[in-house]
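Enquirer: quick one, structure for this:
(chains A and B)
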Amino acid sequence: MRGFRKVLPWYLFIAPASLMLLTLMAYPLFDTLRLSLFKWGGLGPQTFIGLRNFSKLFGDEIFWRALGNSFIFAIVVPFFTVSIGLFLGVAISRRLRGWQVYRIAFFIPVMMSGVVVATLWANMFEFNHGLFNTVLRSIGLDPLVQNWLGDRNVALISVMLVPIWQSVGFPMIVLLAAIEGIPQDMHDAATMDGVNEWQRIWGLIVPLIKPVLASITMLSIIGAMKVFDIVLVMTKGGPAFSTQVLGYYLFETAFRSGYFGYGSAIAVVMFVVVFAIAYAYVRGVRIESVEY
Amino acid sequence: MAANRLASRSEGSSVGGDRTFGWWAGSSLRPIIYGLLIVGALVQVYPIFFLLMNTLKTDTQILNTPFSLPTGFSMAPFIDVWTGDRTGMFFGRYFFNSVIVLAATLVLMLAISCLCGYAMARGHFPGNGTLHQALLLSLAVPAHALAIPLYFFVGSLGLRNSLFGLTLVYAALGAPFTIILMRAYFMHMPLELEEAARIDGCGRLGVFLRIVMPISRGPIAGMAIININWIWSELFFSLILMNKADVRTLPLAIALYKPAPMTVETVLALQYAAMALATIPVLILFFIFQRQIASGMTMGAFK
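Expert: Numbers count the residues shown, from 1 in each chain, chains lettered A, B, ... in the order given. This next block holds a predicted model:
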C-alpha cells in the first residue's frame, strides 16, 4: 500500500496525456487496422470481408500509381532538399560573404503554410497567365511554354518542385547546426595537415555529421511520403492520376467517395510503408552518435 | 547539443578558423558558388515578394505585367477579404478560428506534455519505460492512418465542426514529440530545488507547479514556438472535421477559396491578400524568434 501511494501521484501526472493518446492515437490506429477488413459506407452495418480490400488494392491501377508516385516523391524530394541543404549548410558555416542573407532567404519558405505555397505556385504555373509562361513567351522561348499542371508528363515534376522549393531550408538549418557543432580543434588539426576545402568537406565534415544527415534524410523521406496539401491544391491527383499519391487517394476514397473500409486499407499500406522506413532507420542506418 | 553550441558561438566567427577558404578563395569555382547561392536566394525569396506585391495590384497588372510594382498602397484588398462582404469568404473569422485553435492547442498540449514528461523524467513507476517506447513508436505513425476512425470518433463526441474538437486532435498529434523533448529536458534539470521543496513538505504537484514550471519557462516557450508552424498550417484534419463554413481555419479557407470573377472586379488580389493574411504573422514571428525556431527544428532532428 505504501508503494502504491508513492507511485500514485506519477500516474495522475501521466493520466491526461495517456488518456488523450489512447483515445486519439492508439484506438484510431487499431480501428484503422480493423476497418481495413470491413466493407463500410460510413453509415449502416459494417460487413466483414477478410482481406478482400487488400486483394482489390492489389488489382487497383490508381492505387499502384499513387504508391509509385509517393515513392518517387519520397526519393526525389529528399534527394534534392538534403543535398542542396548540405551544400548550403557547408557554405554558410564557412561564412561566405552574405551568409546571414542566405540563411534567412532559404529558411523563410519553411515557415509558410503548405496551402499558401501551393496556391502561390499553382498561380505561377497557370497556363495562360501564370508567371512562368508569361516570362517564357516574353523572352521568345515559346517552345518551352508548358502546361505545367495540366500535362500528364510534366505535372508530377512541377508538383515536386514545390516541396523542394519550400523545404530546402529545413535540412540546411539542421545540418548547419551539426556542422557548427564540430569542435574547432578538429578543424585546426585538419588545417595543419594541409587539407584542401574539398577534403575538409568529405573527409571531416560529412563523416562527423553522418548521424544527423541520416536522421534528416529519414525525416524528409517520411515527410515526402505524407504529401497531401500540395496535391490537393495544385492538381487533385490529376491529370489522369499522374500526380496521385497515397495520402490524397486515401482522402478521396474515404471522404469523397465514402468507401471507408477500402480507405482504411490504403491507410494501413501508408502506415506500413512509413513505419518500415522509420524502423529501417532505427535498426540499420543509424550510426552511433559521435561524441566529441 | 549542437544547437546550444550554435547559439553560444559568436556570430561572426568562421568555423575552421582560417578565413581564406582553399579553393573557395582563389579558384574559378568561387564565382560559380556565389552565383548558385545568389540565384538560389532569389528563387527562394522572389515568390514571396511576388505574393506580397500582388495583393496591391489589379488583375490586369498581375497577369499582364507580373514584374511591375504596385502603383500605390491600399488596405482595401485586405479589408475586403477580412470582412468578406464582397467575396462571401469571411477571412477575419477564419483568422480568429486559426488563432483560437492555435492558442488552445498550445495550452492543452503543453500542459499535458509537461505533466507527463516530468513524471517520466522524475518518477519511478511500472510502465515508465513502456510509455517511452510507445511514444517513440508513435512518432513513426502517419496522421493519415488515424484519419478515418478519428473522423467517426470525433463525430460521436459531437465535436465535428467544433474548434474544440480540432484542438483535441491537434493536441494529441503534437503531444508525443513534445513529451519526449520535455522529458529529456527535465532529466537534465538539477534536482536540488525540488528536493528542498519536498523537505519543506510540498507535494509532487506543488513542486511541479511552484518550482518546476516557473524555471522551465524558456524550454516551454521553445516548444510552443516550434509547434506553432504545423498547427497554423495544418490542412488535412481541418478539411475532414470542419465542414461548416464558419468554423474553417485559415489554411482550409485558402484551399477552398476559388475567386469568382462575377462577384468582384479584382479577384486575384483578394486571393493574394488572403494568402498574405496567413503568411505575414508567421514572417513576423520568424524575424522575432529566428534563433529559437532554428534550434527547435534542429532539436527535433537530433533526437
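Enquirer: tell me the SS of the residue nearest to A:T23 when sequence neighbours are not counted?
Expert: Of all residues not flanking A:T23 in the chain, B:F153 sits nearest, at 7.4 Å (CB to CB, 6 or more residues apart in numbering or on different chains). Just so you know, the C-beta spots here come from the backbone N, C-alpha and C atoms, and that holds for glycine as well. Three-state assignment for B:F153 (DSSP: H, G, I helix; E, B strand; the rest coil): helix.
Enquirer: buried set for stretch A:199-212?
Expert: The neighbour-count check on stretch A:199-212 (16 or more other CB atoms under 10 Å in any protein chain shown) flags A:R200, A:I201, A:L204, A:I205, A:L208, A:I209, A:K210, A:P211, A:V212 as buried.
Enquirer: give me the neighbour count for residue 181.
Expert: Here I'm looking at chain A. 22 (other CB atoms under 10 Å in any protein chain shown).
Enquirer: wrong one, chain B
Expert: 20.
Enquirer: and the pLDDT for it?
Expert: pLDDT recorded at B:L181 is 90.
Enquirer: I'd say it and B:I220 touch.
Expert: No - using CB atoms under 8 Å, B:L181 is not in contact with B:I220, being 10.5 Å away.
Enquirer: need the phi and psi values for A:K39.
Expert: phi -110, psi 120 (degrees, to the nearest 10).
Enquirer: that one pairs with what?
Expert: Counting by DSSP bridges, A:K39 is bridged to A:T47.
Enquirer: so which of the buried residues of stretch A:199-212 reach chain B?
Expert: A:R200, A:V212 (CB under 8 Å from any CB of the partner chain).
Enquirer: any idea how far apart the tips of stretch A:22-37 sit?
Expert: 22 Å (CA to CA, to the nearest Å).
Enquirer: ok, and what's touching it?
Expert: For stretch A:22-37, contacts defined as CB atoms under 8 Å, 6 or more residues apart in numbering or on different chains pick out A:46, A:48-51, A:53-54, A:260-261, A:264-265, A:267-268, A:271, B:134, B:138, B:141, B:145-150, B:153, B:168-169, B:172-173, B:176.
Enquirer: let me see the contact set for residue 244.
Expert: Going with chain A. A:I62, A:R65, A:A66, A:N69, A:V231, A:G237, A:G238.
Enquirer: chain B, not that one
Expert: Contacts of B:K244 (CB under 8 Å, 6+ apart): B:N161.
Enquirer: what pLDDT does it get?
Expert: 91.
Enquirer: contacting residues around the nearest residue to B:Y272 once chain neighbours are set aside?
Expert: With sequence-adjacent residues excluded and distances taken as CB to CB, 6+ apart, B:Y272 is closest to B:N54, at 4.1 Å. By CB under 8 Å, 6+ apart, B:N54 lies in contact with B:I62, B:L268, B:A269, B:Y272.
Enquirer: of those, closest to A:L120?
Expert: B:Y272 (8.2 Å; CB to CB).
Enquirer: number of residues surrounding the closest one?
Expert: 27.
Enquirer: for it, report the pLDDT, please.
Expert: 91.
Enquirer: which SSE is it in?
Expert: Assigned by DSSP states H and E, B:Y272 belongs to helix B:268-302.
Enquirer: show me what secondary structure element comes after the helix or strand harbouring B:A104.
Expert: Take DSSP H and E as the rule and B:A104 turns out to sit in helix B:91-122. Following helix B:91-122 in sequence order, the next helix or strand is helix B:128-138 (DSSP H and E).
Enquirer: what is that next one packed up against?
Expert: helix A:2-21, helix B:91-122, helix B:163-187 (3 or more CB pairs under 8 Å, 6 or more residues apart in numbering or on different chains; DSSP states H and E).
Enquirer: any idea which of those scores lowest on pLDDT?
Expert: Minimum mean pLDDT among the helices and strands packed on helix B:128-138: helix A:2-21, a mean of 88.
Enquirer: tell me what angle that helix forms with helix B:163-187.
Expert: Here helix A:2-21 points in a direction 130 degrees away from that of helix B:163-187 (axes from the mean of the first three to the mean of the last three CA atoms, to 10 degrees).
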